[in-house]
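> Need a 3D model of the following:
(2 chains)
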Amino acid sequence: DAGITQSPRYKITETGRQVTLMCHQTWSHSYMFWYRQDLGHGLRLIYYSAAADITDKGEVPDGYVVSRSKTENFPLTLESATRSQTSVYFCASNEGGSNYGYTFGSGTRLTVV
Amino acid sequence: GENVEQHPSTLSVQEGDSAVIKCTYSDSASNYFPWYKQELGKGPQLIIDIRSNVGEKKDQRIAVTLNKTAKHFSLHITETQPEDSAVYFCAASINNAGNMLTFGGGTRLMVKP
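From the prediction side, this is the model:
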């Protein structure tokens, strides 16, 4: 199906474990973004990517790693999960240029116990 | 960097009444202001946006106004319906690479039938 999909929808992991959240878009959008959503903080940018092999930090990048070997995929890895990383994670994409609208995925609810 | 503040954090209205959500931004270079609606369990969805060369934009029951001098913009929903109940986010961006958005903290709108 066309669109932007995130997996898994729900994940429970233990403190210290590595976990990877997946994001896949079918539009060949240049830009992709990872946000986390926490009560009282709204949406905060973790990392973004302007194209394959080009990534940069956002507002809250500590404890996260991203890669983008292909335009359509933008995985987010928590190298050693902490309880403070319990959150809902949203991936988004954007064509860039004059089209500013973001399209968001449905989110991954991550719980670190 | 840009800072976006959104008020109120919660808003309860009677069906058929109007709802107004207000946002202020800090960076006078911001020139794009989208609004997103997030329904329970879903990702945010773009509902309307406005650029800095326009003062007002309407789309059926929703409208957005922008005051560049005061650096604030507002979302107006008229004739509210129960399906308008959701969390609404404002955002602002500067026309730089990545079109990165800075989001407000969100407003939970509840429309009582």
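> In chain B, where is pLDDT below threshold?
For chain B, the stretches flagged by pLDDT under 70 are B:95-99.
> So which residues on it come close to chain A?
With Cβ under 8 Å from any Cβ of the partner chain as the criterion, chain B meets chain A at residues B:6, B:32, B:34, B:36, B:41-46, B:49, B:89, B:93, B:97-106. Glycine gets a C-beta too; all of them are placed from N, C-alpha and C.
> Tell me which of these fall in strands.
B:6, B:32, B:34, B:36, B:45, B:46, B:49, B:89, B:93, B:102, B:103 (DSSP state E).
> mind checking how far the first one is from residue B:110?
In other words, residue B:6. 16 Å (Cβ to Cβ, to the nearest Å).
> bridging residues for residue 56?
Using chain A here. On DSSP bridges, the residues paired with residue A:56 through beta bridges are residue A:48.
> should've been chain B
Taking DSSP bridges as the rule, residue B:56 bridges to residue B:65.
> sorry, back to before: now restrict the residues of chain B next to chain A to buried residues only.
Burial by neighbour count, 16 or more other Cβ atoms under 10 Å in any protein chain shown: within these this picks out B:6, B:32, B:34, B:36, B:43-44, B:49, B:89, B:93, B:98-106.
> if we can go back for a sec, same list (the ones in strands among the residues of chain B next to chain A) but as TSV, adding distance to residue B:20.
Formatted as TSV, those follow (distance: Cβ to Cβ, whole Å):
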residue	distance to residue B:20
B:6	12
B:32	21
B:34	17
B:36	17
B:45	20
B:46	19
B:49	17
B:89	15
B:93	22
B:102	21
B:103	19
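> Show me what from chain A comes close to chain B.
Contact residues, chain A versus chain B (Cβ under 8 Å from any Cβ): A:31, A:33, A:35, A:40-45, A:48, A:50, A:56, A:58, A:90, A:92, A:94, A:96, A:100-107.
> Give the PyMOL command for selecting the buried subset of those.
Applying 16+ other Cβ under 10 Å to the residues of chain A next to chain B, the buried members can be selected in PyMOL as follows:
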select buried, chain A and resi 31+33+35+42+43+44+45+48+50+58+90+92+94+100+101+102+103+104+105+106+107
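> Tell me which entries of the residues of chain A next to chain B lie within strands.
Per DSSP E, strands hold the following members of the residues of chain A next to chain B: A:31, A:33, A:35, A:42-45, A:48, A:50, A:56, A:90, A:92, A:94, A:103-104.
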